[in-house]
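Undergrad: can't give you the sequence, but here's the structure:
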């Protein structure tokens, strides 16, 4: 009678070890996905920040240039502001189609990349 008890005890230990290993693997996979998404978002923020400064200084330059051409610095900056107003309205109307879709696809792409790599490694 001690033999089945011993076998069940070993089976229970093996099952517990397997579940612990599986939970650890799932945690590591989640950590990896979080790290990839965080890295992608951080790099996107850096690119956006650099783009902002580029656009800011180009806008200043355009405002002063147009101000010289039009004979009034205020008028030059007003023209640049008008361009930004048109862009703002366009982005406001098209944000759902372009920006939100792009961000969702980028995040999901980062999350799904690992699963694709795992499937290719198995296949």
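TA: On my side now, so go ahead. Note that the structure is a prediction, hence the values are computed from the model and not measured.

Undergrad: for whichever strand or helix holds residue 93, the distance to its chain's centre please.
TA: In the assignment (DSSP states H and E), residue 93 maps to helix 73-94. Chain-centre distance of helix 73-94: 28 Å, with Cα atoms, centre = their mean, to the nearest Å.

Undergrad: got it, and stretch 102-109?
TA: Distance of stretch 102-109 from its chain centroid, counting by Cα atoms, centre = their mean, is 7 Å.

Undergrad: so for it, what's the average pLDDT?
TA: Averaging pLDDT along stretch 102-109 yields 78.

Undergrad: buried residues in that stretch?
TA: Neighbour-count burial for stretch 102-109 flags no residue at all (criterion: 16 or more other Cβ atoms under 10 Å). Just so you know, the C-beta spots here come from the backbone N, C-alpha and C atoms, and that holds for glycine as well.

Undergrad: any idea how far the spatially most central residue of the chain is from residue 107?
TA: With distances taken as Cα atoms, centre = their mean, residue 41 lies nearest the centre of the chain, 3.9 Å away. For residue 41, the distance to residue 107 (Cβ to Cβ, to the nearest Å) stands at 8 Å.

Undergrad: point out where the chain drops to low pLDDT.
TA: 1-2, 114-119, 121-123 (pLDDT under 70).

Undergrad: OK, contacts around residue 80?
TA: 59, 62, 63, 66 (Cβ atoms under 8 Å, 6 or more residues apart in numbering).

Undergrad: can we see that at 6 Å?
TA: Listed by Cβ atoms under 6 Å, 6 or more residues apart in numbering, the contact set of residue 80 reads 59, 62, 63.

Undergrad: ok, of those residues, which come out buried?
TA: residue 63.
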